[in-house]
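1. A structural model of the following input is requested.
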Amino acid sequence: MPVITFFQTKGGTGKTTSAFILAEILSRSNSVTVVDCDPNQPFEEWKKDGGTNEKFEFVTADDPERIPHEIAEASGRSAFVIVDTEGSANKTAARAAAMSDLVVVTSTGTPLDQKHAAKAIKFVRAAGKQAGKEVPVRVLMTRQKVVGQSRTVTQAIANMKKNGIEVFDSQIMERDAFAALFGYATLLFDLDPKQVNDPSKAYFNAKVWSFQVLDILKQQREGQGSPSKSKQEAA
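-> Below you'll find the model as predicted:
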């Protein structure tokens, strides 16, 4: 089953939030397991803070030596496996990347984020090479302005594409609903419109991006000549 890993070498890029969003959307009609490799255990904290009703399973993988086993076991019982790594280029991240069908590198588009995104991509490619495979990696622009795109972000995207780095067409916008996921320990679809501004736009944003992830995985599968079909479709 597809393994999707979220990776960055710095914090503040929306990595964990993006992983959570994808897990929630896919789990509406698919079995999903999140392997939480972040020592801060954000998914566990979300649960302790009162998070409920999630349809995805999550396991906290605090032993680096167990990471490959946790991912393999999750792959055996779930249609999708989502791995949230620590914001560091370490052995855990390398092992997760090497087992992935897609690595998502998050960036807000600032010069510092772009510098770390480049490091993350280089790290993922090296991890794949060491494992004897090419690991697909794509950059997700996060925390983007709802109205208008800054020249800095526009140039950052242009530079990445010029250098052969693939970037998601969809972006994760800066919305109260996404910040509320961990702030209120809630699911996106359980948000109270009285708590955040227009959550319906966040739902739409999350769905559009999640569908693009599925489309990319489908294209990869077909490109490999696999006759198998996706077991299930997203909500």
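
2. Low-confidence bits of this protein, can you list those?
-> 224-235 (pLDDT under 70).

3. now the helices: where do they sit in it?
-> 15-26, 42-48, 67-77, 91-98, 111-130, 151-162, 176-183, 199-223 (DSSP state H).

4. Mind listing what's buried along the last one?
-> Okay, so that is helix 199-223. 199, 202-203, 205-207, 209-210, 213-214, 216-217, 221 (16 or more other C-beta atoms under 10 Å). (Each C-beta comes from the backbone N, C-alpha and C, glycine too.)

5. Redo the residues you listed as TSV? Include distance to Ala94.
-> As requested, the buried residues of helix 199-223 are exported to TSV (distance: C-beta to C-beta, whole Å):
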residue	distance to Ala94
Pro199	37
Ala202	33
Tyr203	34
Asn205	31
Ala206	29
Lys207	32
Trp209	26
Ser210	26
Val213	22
Leu214	26
Ile216	22
Leu217	22
Arg221	24
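
6. if we can go back for a sec, right, so the helices of the chain: which one is the most enclosed?
-> Burial of the helices of the chain is given as mean neighbour count (mean count of other C-beta atoms under 10 Å); helix 15-26 ranks first at a mean of 25.

7. Could you figure out how far that helix is turned away from helix 111-130?
-> If you take axes from the mean of the first three to the mean of the last three C-alpha atoms, to 10 degrees, helix 15-26 sits at 70 degrees to helix 111-130.

8. Return the distance of helix 15-26 from the chain's centre.
-> 6 Å (C-alpha atoms, centre = their mean, to the nearest Å).

9. Show me what that helix packs onto, helices and strands only.
-> Applying 3 or more C-beta pairs under 8 Å, 6 or more residues apart in numbering; DSSP states H and E, we find helix 15-26 packed against strand 3-7, strand 32-36, helix 42-48, strand 80-84, strand 102-107, helix 176-183, helix 199-223.

10. what's the angle from the fourth one to helix 91-98?
-> Here strand 80-84 runs at an angle of 150 degrees relative to helix 91-98 (the same axes, to 10 degrees).

11. outside of strand 80-84, which residues touch it?
-> Residues from elsewhere that reach strand 80-84 (C-beta atoms under 8 Å, 6 or more residues apart in numbering): 1-6, 15-16, 19, 22-23, 26, 30-38, 42-43, 56, 71, 74-75, 96, 100.

12. Could you tell me which strands sit next to that strand in the sheet, and their orientation?
-> Strand pairing for strand 80-84, determined by DSSP bridges: strand 3-7 (parallel), strand 32-36 (parallel).

13. quick one, that strand and strand 102-107 angle?
-> 40 degrees.

14. State the distance from Val105 to Gly14.
-> As judged by C-beta to C-beta, to the nearest Å, Val105 and Gly14 stand 11 Å apart.

15. And for Arg138?
-> Arg138 sits 15 Å away from Gly14, going by C-beta to C-beta.
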